[in-house]
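Enquirer: Structure for this input, please:
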Amino acid sequence: MNETRNYILAFALSLAVLLGWQFFISGPQLERAQQQAEQQQAQAEAEAAANGESVLPTPDGSTQSNATTTAQPGAVSAVAGTREELIAASDRVKIDTPSLSGSINLTGGRIDDLELKKYRQTIEDDSPTVTLLSPAGSPHGYYAEQGWIGAGGKRDGLPGADTVWSVSGNDTLTTSSPVTLTWDNGEGLTFSRTISVDEDYLFTIEQSVANSTGGDVALFPYSLVMRQETPRTSGFFILHEGPIGVLGDKNLMELTYGNVKDDSQIDVEATGGWLGITDKYWATAVFPDPESAINARFSYSGTGARDNYQTSYVGRSPVVVPGGGEAKSVGYVFAGAKVEEILDQYQQEIGVDRLELLIDWGWLHFITKPMFYLIKALYGVLGNFGLSILAVTVIIKILFFWFANKSYASMASMKKVQPEMKSIQERFKDDRAEQQKAMMELYKREKINPLAGCWPILIQIPVFFALYKTLFITIEMRHAPFFGWIQDLAAPDPTSIFNLAGLLPYDPSVVPVIGGFLSLGVWPLIMGITMFVQMRLNPPPSGPNAETQQLIFTWMPVVFTFMLAGFPAGLVIYWAWNNFLSVIQQYVIMRRHGVEVNLLGNIASAFKRKKPDEGGAKS
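Expert: Predicted structure coming up:
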């Protein structure tokens with residue numbers, strides 16, 4: 001039992017060290033590197049304007065550079081400025097819906113100004129709303145664009161990034177009033193683009209071409225998402241941020257910005273599907289009609305002053321516009337918050353393939369998603385996500401009651417036979433084989449399963465990770481309050497016991513070197529105490545390594561307290577509540593099995609210095 005338990009503890013400690021390294025070492029280093037990169041970026045932008053190049057896939061799959069003397073699809077504006085300056089410098093069509101505000105740039109017909117009305121940058125009521133899309137040339141330029149290309153990628157006579165569109169009819173895009181943009185190329189082709197939007201985050205874009213020439217014209221629709229600069233990401237391995245798509249046989253493609261930058265260009269043939277760029281809570285993606293055959297591409301172009309990341313597709317089948325006739329093509333742009341219910345709705349209504357994977361459910365999705373649905377359902381009843389987490393903990397306890405009951409019953413039996421185990425160790429202290437044999441006979445006679453005590457640890461690991469994933473990735477948990485000082489369950493406990501939870505006027509986290517370890521909130525401390533109490537209920541370790549094991553058991557709660565200080569508060573509350581319920585359950589079961597539980601004495605003994613003759617078996 002001891003060896004098996006040690007393996008599990010070693011795994012748990014290894015996991016703790018890994019997560020601790022991420023939060024206390026790798027995370028801060030990454031943040032400092034990103035800050036330095038941002039400073040260098042700002043300096044470079046001050047010296048030279050961003051001037052980029054876009055490379056779209058062609059219908060036949062060949063490479064066609066769109067960088068020419070005239071502006072091309074996705075080409076980055078050479079004009080640099082602030083977001084506000086660039087928006088004010090161009091004629092625009094306003095966007096105003098219950099979920100979105102912003103505008104469409106009439107130069108290029110791009111959706112490049114978008115804010116999310118329902119989400120703020122911080123938990124403060126007067127905090128600015130979240131900005132998603134911004135014009136090319138502005139800091140963090142990010143936009144969606146649609147258009148046409150000819151066979152082989154030819155662009156002559158077709159609208160591009162410098163095309164100035166006219167507005168027909170409505171001059172404000174709302175859920176009930178689409179807008180139509182038109183442009184005449186002066187050579188017999190008139191292009192129209194009708195843009196509509198729903199109450200959430202889906203733009204439907206119908207492109208049509210009227211042909212007054214004497215012959216047929218074959219054109220191919222394209223759509224792209226362009227992002228300028230490498231954005232700051234969370235840098236945590238459980239969350240994907242960057243280029244993403246679901247494309248036919250390739251299934252889910254999750255690429256880092258580094259992947260795309262290294263490869264420059266990644267091409268995929270698919271039917272339907274989608275691709276775009278995702279952040280932790282927000283995303284922008286483009287997709288055609290589900291039955292359309294497309295050539296998709298993830299690409300990178302660097303200009304020295306700015307990195308440009310692009311996801312795009314071009315239809316493989318031409319839209320033939322007959323002479324004297326008209327033809328059209330429909331595409332979609334998702335730009336907004338990754339709300340599971342909304343993504344599922346689009347997936348069902350439009351038939352787009354697995355759009356739900358914009359949310360990174362991870363390889364434990366079969367646990368993560370049901371847990372999310374359960375928490376969400378309980379929220380509908382309780383009205384508080386924190387209370388939902390507490391209720392989920394109780395439900396998990398009920399579901400795994402049989403395993404936990406067997407485990408704690410085994411622990412109780414182990415505690416009852418501690419004197420006999422001690423006697424065996426003394427009798428065979430010089431013969432390890434005989435000692436193990438005698439122990440196994442004791443277990444068999446008393447019907448003790450030494451492995452049963454491992455179940456609580458084994459069960460809790462995947463449940464803990466799934467809950468952590470749910471709290472970390474789902475926007476429903478973002479800025480979700482609990483009670484008191486916990487106003488965001490997805491963020492760490494904001495208090496610190498080292499300034500008496502804010503009573504002392506200083507920030508311990510700014511202390512050089514050790515500041516990261518001083519951001520220890522009240523809830524992590526409660527969690528550590530409950531973990532310590534639970535471990536004092538367990539039978540004391542025995543054997544030649546008992547003293548070392550006891551030392552591990554004593555210090556593990558301390559280590560986990562500091563480790564979980566940087567975890568989401570909702571997860572820490574879950575762990576503390578789970579520990580508290582486990583203490584009650586274990587205490588009751590042990591008493592039912594006739595074990596005298598001197599919990600206060602066990603706790604006190606942890607702080608007493610052992611005498612040399614006490615050995616490692618007492619606690």
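
Enquirer: Nearest residue to the middle of this protein?
Expert: The residue lying closest to the centre of the chain (CA atoms, centre = their mean) is residue 473, at 3.6 Å.

Enquirer: can you map out the helices along the stretch 251-400 of the chain?
Expert: Along the stretch 251-400 of the chain, counting by DSSP state H, counting those that start in this stretch, helices occupy 257-263, 340-350, 365-382, 385-399.

Enquirer: mind pulling up the phi and psi values for the closest residue to residue 322 other than its chain neighbours?
Expert: Among residues not flanking residue 322 along the chain, residue 216 sits closest, at 5.2 Å (CB to CB, 6 or more residues apart in numbering). Placement of C-beta: from N, CA and C, glycine included. The phi/psi pair for residue 216 (degrees, to the nearest 10) reads phi -70, psi 150.

Enquirer: hang on, residue 216 packs against residue 319?
Expert: No: counting by CB atoms under 8 Å, residue 216 stays clear of residue 319, with 10.7 Å between them.

Enquirer: neighbour count winner among those two?
Expert: Between residue 216 and residue 319, counted using other CB atoms under 10 Å, the more crowded position is residue 319 (17 against 14).

Enquirer: ok, now which ones touch the more buried one?
Expert: 209, 218, 219, 220, 221, 327, 328, 329 (CB atoms under 8 Å, 6 or more residues apart in numbering).

Enquirer: With residue 229 instead?
Expert: The neighbourhood of residue 229, defined by CB under 8 Å, 6+ apart, consists of 41, 139, 140, 141, 306, 307.

Enquirer: Repeat that for residue 223.
Expert: Residues near residue 223 by CB under 8 Å, 6+ apart: 144, 145, 146, 205, 286, 287, 288, 312, 313, 331, 333.

Enquirer: Just the ones of those residues in strands?
Expert: Of the contacts of residue 223, the ones assigned to strands by DSSP state E are 144, 145, 146, 205, 286, 287, 288, 312, 313, 331, 333.

Enquirer: Which members of these are classed as buried?
Expert: Among the ones in strands among the contacts of residue 223, those classed as buried by 16 or more other CB atoms under 10 Å are 144, 145, 146, 205, 286, 287, 288, 312, 313, 331, 333.

Enquirer: and the longest helix anywhere in the chain, which residues are buried?
Expert: The helix that spans the most residues within the chain, counting by DSSP state H, is helix 569-592. Residues 569-583, 585-587, 589-590 are the ones in helix 569-592 that count as buried (16+ other CB under 10 Å).

Enquirer: cool, stretch 263-282 as well?
Expert: For stretch 263-282, the neighbour count (16+ other CB under 10 Å) marks 266, 268, 270-282 as buried.

Enquirer: same deal with stretch 477-492?
Expert: By neighbour count with 16+ other CB under 10 Å, stretch 477-492 contains the buried residues 477, 478, 479, 480, 482, 486, 487, 488, 489, 490, 491, 492.

Enquirer: Can you tell me which of these is closest to residue 163?
Expert: Nearest to residue 163 out of those is residue 478 (CB to CB; 38.1 Å).

Enquirer: helix, strand or coil for the closest residue to the closest one other than its chain neighbours?
Expert: The spatial neighbour of residue 478 that comes closest, neighbours along the chain excluded (CB to CB, 6+ apart), is residue 490 at 5.2 Å. Three-state call for residue 490 (DSSP: H, G, I helix; E, B strand; the rest coil): coil.

Enquirer: Equivalent analysis for the one 4 residues further on, please.
Expert: Three-state assignment for residue 494 (three-state DSSP): coil.

Enquirer: and it, how many residues sit next to it?
Expert: Residue 494 has 16 neighbouring residues, counting by other CB under 10 Å.

Enquirer: Any idea which helix or strand in the protein has the lowest mean pLDDT?
Expert: Using mean pLDDT, DSSP states H and E, helix 27-47 stands out as the lowest-scoring helix or strand of the chain, at a mean of 46.

Enquirer: sorry, back to before: quick one: buried ones out of the contacts of residue 229?
Expert: The neighbour count (16+ other CB under 10 Å) marks 41, 139, 141, 306, 307 as buried among the contacts of residue 229.

Enquirer: thinking again about what came up before, let me know which of the helices of the stretch 251-400 of the chain is tucked in deepest.
Expert: helix 385-399 (a mean of 18; mean count of other CB atoms under 10 Å).

Enquirer: same for the next helix or strand after it, what does it pack against?
Expert: The helix or strand immediately downstream of helix 385-399 is helix 401-416, counting by DSSP states H and E. Contacts defined by 3 or more CB pairs under 8 Å, 6 or more residues apart in numbering; DSSP states H and E place helix 401-416 against helix 455-473, helix 569-592.
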